[in-house]
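> give me a model of this one.
(one chain, ligands or ions: 1)
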Amino acid sequence: MRSLVFLTILGSSAIAFADPTVTVSPTTVHPGEAVLVTVSGATAEPHAKAGGRPLEMFPTKTGYQAVFAVPLKIDEDHVLVEVSDGAKPVSIPIVAKTFPETKLVVEDELANPDKEQGRQIDADNAAIEKSYEQAKGAPQFTRAFHRPPGTLTSTFGEWRTFNDGHRAQHLGIDVGAREGARVSAVDAGTVALVRETFLMGNVVVIAHGAGISSLYFHMSKVTVAEGDHVKLGERIGLAGHTGRTTGPHVHLSIHVDGGMVDPLSFLKLPLAPQ
Ligand SMILES: [Zn+2]
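Purely as a prediction, here's the structure:
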């Protein structure tokens, strides 16, 4: 619509130079959700910011896109998306959300780790954090991301109190799976990390490009190695209950620029890689 208005006012001189347009999906968000920014009509790679943070744009079939996280802990009631080159900024309202509370009983050392176990947990988290760097650059996927099959048994953001002590927020989704069931890559990418961790058990992180990483926890066995290229649906390991779990299942987390996001919100985004 915007370009039509320009054409009417300026006549033939505006044909090649209509302002780029910005669209966002979704148009309202909850804390911890993923947002897709699409810029169309840009003649060169646009510079964009969300909440003041620069976004890493990648070229797509329809223009340029970027994915970012609305943090779980956020005081603002909106996030502003700004794009250079004359495009109109877009304000996305953030709607507050109360996450459910649950109580879980696990082995005592998993609820109350000692000092040495605490150091291992810190090292595990640092290794995972570092693996996200490998997700930078062009998308390695060309198809839509797949949700792991199975019944959803736990949602993103749920508060968990372990053995009536330590309280933590669940930063992924859990899907029911029997011990030894196949765990598949949710899309194409490169294996960025394989690690035996204290709380998350056997972990695989896949870097998909465009700042997107998928994480799989609690596997009984990992069947890929760091540096392997995997396709959508390729087996990366077997389901299990290693780490802090109450039984076998597949845990999936999705990390994008800015933090962990609800995988179900991420899976809805209309990504259009080349
Ligand atoms: Zn989980």
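
> C-alpha only now, for contacts and for neighbours.
Will do.

> touching, residue 222 and residue 236? I think so.
Yes - contact criterion Cα atoms under 8 Å: residue 222 and residue 236 qualify, at 6.1 Å.

> which residues does the spatially closest residue to residue 93 that is not a sequence neighbour contact?
Distance criterion Cα to Cα, 6 or more residues apart in numbering; nearest residue to residue 93, sequence neighbours excluded, is residue 78 at 4.2 Å. Counting by Cα atoms under 8 Å, 6 or more residues apart in numbering, residue 78 makes contact with 91-94.

> doesn't residue 54 lie inside a strand?
Yes - secondary structure of residue 54 (DSSP: H, G, I helix; E, B strand; the rest coil): part of a strand.

> show the contacting residues for the residue nearest to it when sequence neighbours are not counted.
With Cα to Cα, 6+ apart as the measure, residue 48 is the residue that lies nearest to residue 54, at 5.9 Å, once sequence neighbours are left out. Shown in contact with residue 48 (Cα under 8 Å, 6+ apart): 54-57, 81-84.

> got phi/psi on residue 48?
As for residue 48, its main-chain torsions (degrees, to the nearest 10) stand at phi -130, psi 150.

> and the strands in the stretch 151-274 of the chain, which stretches?
Counting by DSSP state E, counting those that start in this stretch, the stretch 151-274 of the chain has strands at residues 152-154, 159-162, 167-169, 173-176, 182-184, 189-196, 202-209, 212-219, 221-222, 229-230, 235-238, 249-256, 259-261.

> mind putting those into TSV with distance to residue 32, mean neighbour count and mean pLDDT?
Listed next are the strands of the stretch 151-274 of the chain as TSV, based on distance: least, Cα to Cα, whole Å; neighbours: other Cα atoms under 10 Å; pLDDT from 0 to 100:
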stretch	distance to residue 32	mean neighbour count	mean pLDDT
strand 152-154	15	14	95
strand 159-162	13	18	90
strand 167-169	11	15	89
strand 173-176	13	20	97
strand 182-184	24	22	98
strand 189-196	23	22	98
strand 202-209	19	27	98
strand 212-219	15	26	98
strand 221-222	28	18	98
strand 229-230	27	20	98
strand 235-238	26	21	98
strand 249-256	10	26	98
strand 259-261	5	23	97
